[in-house]
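J.: pasting the sequence and the predicted coordinates here, then a few questions.
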Amino acid sequence: MPRYNPKDVEPKWQDRWNEAGAFAAERDGDKPKYYVLEMFPYPSGRIHIGHVRNYAMGDVIARYKKACGFNVLHPMGWDAFGMPAENAAMQTGAHPRDWTYANIDVMRGQLKQMGLAIDWSREFATCDPEYYRHQQRMFLEFWKKGFAYRKESQVNWDPVDQTVLANEQVIDGKGWRSGAPVERRKLSQWFFKITGEADDLLAALDDGRLAGWPDNVRLMQRNWIGKSKGLQMMFRFVGATDLPAELADGVEIFTTRPDTLFGASFIAVAPDHKLAAHFAETDPKLKEFITECQKTGTSEEAIEKAEKRGYKLPVEMGHPFDDRRLPVFVANFVLMQYGTGAIFGCPSGDQRDLDFARKYGLPVPPVVLPPNEDPATFRIEDEAYVGPGTIFNSGFLDGLSTDDAIAAAIKKIEEMGEGEGKIQYRLRDWGVSRQRYWGCPIPAIHCEACGIVPVPAGDLPVLLPAVDAEEFKTPGNPLDRAADWKNVPCPECGKPGRRETDTMDTFVDSSWYFARFASQPEDRPTDKKTVDSWLPVDQYIGGVEHAILHLLYARYFSRMMKACGYLSVEEPFSNLFTQGMVVHETYLDSDETKSLKDRWLLPEEVVRRDGKVVHAESGAPVIVGAIEKMSKSKRNVVSPEAIAETYGADAARWFMLSDSPPERDVEWTDAGVEGAWKLVNRVWDAVAPAKGALKPHDLANPPGDMDEAGVALRRATHAAIDGVTEDIEHFRFNKAIARIYEFLNTLKKTPPMKKADGSPANSVRAEAFAQAEALAALVRLVAPFTPHLAEECWETLGGPETGMGELVCDAPWPKADPALLAKDEIVLAVQVNGKRRAEIAVAASADNETVEQAALSDETVKRHIDGKTVRKIVVVPGRIVNIVAN
RNA sequence: GCGGGCGUGGCGGAACAGGUAGACGCAACAGACUUAAAAUCUGUCGGGAGCAAUCCCGUGCCGGUUCGAGUCCGGCCGCCCGCACCA
């Protein structure tokens, strides 16, 4: 019997698929379409095993759906713009373009080695001018329609590197590379008006348009959009102020809790608020305080976690409902981006306000009485009460519920003409400007006379200028220094102008790539008819880390593209699956004289010897660290190439889908992949001796004279088909795999049916049929998971001669016969007072009375109810019997 | 800080919609084959008591609902992820 050798077999079938054009998607005939898409990779250098898991999942779906008769689109491309290429340029001197395309070449080869059923003819990278030129064209249209606009916003600025920093590049308030304290700086930037679609983006989460999305992702998006109803109102200064006219009116605040207005004890504005800026002009200490606040990063997390601090302004404000005077602070926990950048503080009803009030000795009047509390004894100590209750200490609101009080307070303020009920969103407009080189240039020209002018459509694309690789080692944005490129005449007046040097956020690139995969006309982003024939994506698969931004931006982008006539769907992804990460142990060299950075060891540098973990070469002890997401910095990565080299792509794919549920993290272990390798061989060992077994049988016509063993095998076969099909449909790959194991165990335990001895001829024919059917099913069931192995088995069994398909990837998915799934006899557990005491076998069709009698007559059951009175018998048909006795 | 997720044998996990906890895999142990090892095959495998039949305990912790709770409810504890310029 030939040994299975993936090194020969896998490339052989990859070539055969290629020659046959097996995975080209074509919109012809009357087959229904199915679009499977995995989030495309960033070309970071090499494929890691996390990619293998992601793409293996999509591949199972693609191959399964193809077998089920769908016309499948399963494309691949590269999310190729972004910071790592520029970081690499700074470190190694390689030009981002060269670095990126070289990485793509390597990674394409690695993906092909995995045997994915991908239509490679549609591949592109987002840094291809042929892709981003269309993005520029859409940008101009969005601009014209008012979807794109400019406004000022805050960024993290590194004064040494002369660059804007991502939040992840700010560590303890300092730039990651320069170590210089980060400043917050205002820049004029481009935005997409995503808030204009906030309502529809929110509505679609619940109206069925995203029924195929996981609840947790929809919830995260709902929270992100953060629709809240509240009150926007003015607080007025007490007495005369010498403030300029635009500030003298007072401070406009937004609150979701107008019911707690009587609990107000201060007013606070954000450090970026214009009122703060005004007083800072004449107050150096305030100026210093604001600068201090700006050293906190721009992330919401950093701001929320920082100690609550404030600076008191020399003004006071009146309470709208009584004659109290409230102090006014500049406070570091008030966010300028949300609401109006100003709040009223109610310490008894908000933890941040309470912390602040305690720190600055402000009063804490309680105004919401929790249920079952006595107003005489209720006190706020260290915890604010944020829940519902009855309003007290609150004048005209006393005795109302929180909900009623909210309505009453809004009504009153509206009557007073001091404000109105308002809906606020947490969602902010999408800032798409990036002060970087390696991104899609924003097609605009600044002109002293004409302002900001669009690049004429005929002049597109605005290509990135050729920049010397050395340029990236100089601080700042190379585009700013590319004089030849930057200095151009204004397209409107012809006077000297300069190009916009901002490039687009890479989330823009990934917001429409799925549409471009479906349709790639040369002269426009998409051909509407073609793209509509494929969209929406039927199954989108990717990491949960994209649950909010990428998926929300893509949803918004579809709406903009629809408005411009490029496609017809609002929601581009009808079903979403978010898979977990691949994690691995980390290993640390025990030599503490080295810097931590240099002590991390690759998994292949480490071996387990006599229960100890040691360095493979030196034998020195190794510290086993936490199990973490695979990352370059901790070196806990395994190379898919090395795995494929040793065990083959099939084993790697199988392992990545077995054991752990796909939505959960999976730990990569050597033992695990060895287990998968064993499986590959067990399948081969089951198939190889049955060479040509399929040819003599017509699987559609089972013989009628099957004996018991044959019927048992057929039942197992059809149970496996049924179970695996259900499991794949529901993304339970780990369970599908468990069922395949079960089936294979049964198959192996069934004695060989082609007997050479004197068995009756009919029986041999019938049993051989059962076995052929089992093998044909087995091979097709494993095909989505281990496609190369399946092809080799299919050929060996004589599959091509059955008329089902030359290749198993073209063969139809097996169908379970319901008649073989039904059981005649079932085993029921019998409980006495809720504890399992016995099992009884009854006919599947037995009625409750029969079941009760069978249960009561069981010896063990009798013993347990002896001397007691049976009070009740619960019979759950097909499941359990519970006898209640005392 | 806010939001989301997860806690089941030595390990990854299974358990449908409240109905036999531990499917399937890994590891481990015992045996077969082998000069030997690897590979392969067979068996055992949550803890405890018992020769056995069988019984007691057991799904992070405390409490509740129910004939019946890993699953539902309330309260804790622990771990992981996201938070707008990483992709």
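T.: All right, it came through fine. Numbers count the residues shown, from 1 in each chain, chains lettered A, B, ... in the order given.

J.: and residue A:314, what helix or strand is that in?
T.: strand A:310-318 (DSSP states H and E).

J.: report all helices and strands that that strand contacts.
T.: Judged by 3 or more C-beta pairs under 8 Å, 6 or more residues apart in numbering; DSSP states H and E, the packing partners of strand A:310-318 are helix A:274-280, helix A:284-295, strand A:325-331, helix A:351-360. Heads up, the C-betas are built off the backbone N, CA and C, glycines and all.

J.: quick one: residue A:73 and residue A:514 touch, right?
T.: No - counting by C-beta atoms under 8 Å, residue A:73 stays clear of residue A:514, with 9.8 Å between them.

J.: okay, and the common contacts of these two?
T.: Common neighbours of residue A:73 and residue A:514, counting by C-beta atoms under 8 Å, 6 or more residues apart in numbering, are residue A:35.

J.: point out the residues in the stretch 451-600 of chain A that sit beside RNA strand B.
T.: Proximity of the stretch 451-600 of chain A to RNA strand B, by C-beta under 7 Å from any atom of the strand, involves residues A:505-507, A:510, A:544-546, A:548-550.

J.: flag the shaky bits of the stretch 551-700 of chain A, pLDDT-wise.
T.: Across the stretch 551-700 of chain A, the ranges flagged by pLDDT under 70 are A:595-597, A:608-612, A:625-627, A:631-633.

J.: what of chain A?
T.: Applying pLDDT under 70 to chain A flags residues A:1-2, A:27-28, A:297-298, A:595-597, A:608-612, A:625-627, A:631-633, A:751-765.

J.: stretch A:171-185 and RNA strand B in contact?
T.: No - shown here: stretch A:171-185 not in contact with RNA strand B (C-beta under 7 Å from any atom of the strand), separated by at least 9.4 Å.

J.: got the contact list for that stretch?
T.: Residues from elsewhere that reach stretch A:171-185 (C-beta under 8 Å, 6+ apart): A:154-161, A:165, A:169-170, A:294-298.

J.: just checking, which of those belong to helices?
T.: Counting by DSSP state H, the part of these found in helices is A:294-295.

J.: ok, back up a step: of the residues of the stretch 451-600 of chain A next to RNA strand B, buried ones?
T.: By neighbour count, with 16 or more other C-beta atoms under 10 Å, those hold A:505-507, A:510, A:544, A:546, A:550 as buried.

J.: could you identify the most distant pair in the residues you listed?
T.: With C-beta to C-beta as the measure, no two of these lie farther apart than A:505 and A:544, at 20.5 Å.

J.: let me know the secondary structure of residue A:91.
T.: Using DSSP: H, G, I helix; E, B strand; the rest coil, the structure places residue A:91 in helix.

J.: list the contacts for it?
T.: Counting by C-beta under 8 Å, 6+ apart, residue A:91 makes contact with nothing.

J.: would you mind measuring from it to residue A:107?
T.: For residue A:91, the distance to residue A:107 (C-beta to C-beta, to the nearest Å) stands at 20 Å.

J.: so residue A:748 touches residue A:689, yeah?
T.: No - with contact defined as C-beta under 8 Å, residue A:748 does not count as touching residue A:689 (11.5 Å).

J.: and which of the contacts of stretch A:171-185 is nearest RNA strand B?
T.: Minimum distance to RNA strand B across the contacts of stretch A:171-185 is 4.3 Å, recorded for residue A:155 (C-beta to the nearest atom of the strand).

J.: so what's the closest residue to the closest one other than its chain neighbours up against?
T.: Nearest residue to residue A:155, sequence neighbours excluded (C-beta to C-beta, 6 or more residues apart in numbering): residue A:164, at 4.7 Å. Contact partners of residue A:164, counting by C-beta under 8 Å, 6+ apart, are A:155-158, A:187, A:434-436.

J.: mind checking how far the residue nearest the centre of chain A is from residue A:730?
T.: Chain A has residue A:544 as the residue nearest its centroid, 2.4 Å off, counting by C-alpha atoms, centre = their mean. Between residue A:544 and residue A:730 the computed distance is 18 Å (C-beta to C-beta).

J.: try residue A:722
T.: Separation of residue A:722 from residue A:730 (C-beta to C-beta): 13 Å.

J.: between these two, which has more neighbouring residues?
T.: residue A:722 (18 against 10; other C-beta atoms under 10 Å).

J.: check contacts around that one.
T.: Taking C-beta under 8 Å, 6+ apart, we find residue A:722 in contact with A:816, A:821.

J.: spell out which helix or strand contains it, please.
T.: helix A:708-729.

J.: any residue of that helix touching RNA strand B?
T.: No - under the criterion of C-beta under 7 Å from any atom of the strand, RNA strand B is not reached by helix A:708-729; the shortest gap measures 8.7 Å.

J.: just the CA atoms of that helix, as PDB, please.
T.: Extracted in PDB, the C-alpha atoms of helix A:708-729 (Å, rounded to 0.1, in the frame of the first residue of the first chain):
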ATOM      1  CA  GLU A 708     -27.700  -6.100   9.400                       C
ATOM      2  CA  ALA A 709     -24.000  -5.100   9.300                       C
ATOM      3  CA  GLY A 710     -24.500  -3.400   5.900                       C
ATOM      4  CA  VAL A 711     -27.600  -1.500   7.200                       C
ATOM      5  CA  ALA A 712     -25.700  -0.400  10.300                       C
ATOM      6  CA  LEU A 713     -22.900   1.000   8.200                       C
ATOM      7  CA  ARG A 714     -25.300   2.800   5.900                       C
ATOM      8  CA  ARG A 715     -27.000   4.300   9.000                       C
ATOM      9  CA  ALA A 716     -23.600   5.500  10.200                       C
ATOM     10  CA  THR A 717     -22.800   7.000   6.700                       C
ATOM     11  CA  HIS A 718     -26.000   8.900   6.500                       C
ATOM     12  CA  ALA A 719     -25.800  10.100  10.100                       C
ATOM     13  CA  ALA A 720     -22.400  11.400   9.300                       C
ATOM     14  CA  ILE A 721     -23.600  13.200   6.100                       C
ATOM     15  CA  ASP A 722     -26.500  14.700   8.000                       C
ATOM     16  CA  GLY A 723     -24.400  15.900  10.900                       C
ATOM     17  CA  VAL A 724     -21.400  17.200   9.000                       C
ATOM     18  CA  THR A 725     -23.700  19.100   6.700                       C
ATOM     19  CA  GLU A 726     -25.600  20.700   9.600                       C
ATOM     20  CA  ASP A 727     -22.300  21.600  11.300                       C
ATOM     21  CA  ILE A 728     -20.800  23.300   8.300                       C
ATOM     22  CA  GLU A 729     -24.000  25.200   7.700                       C
END
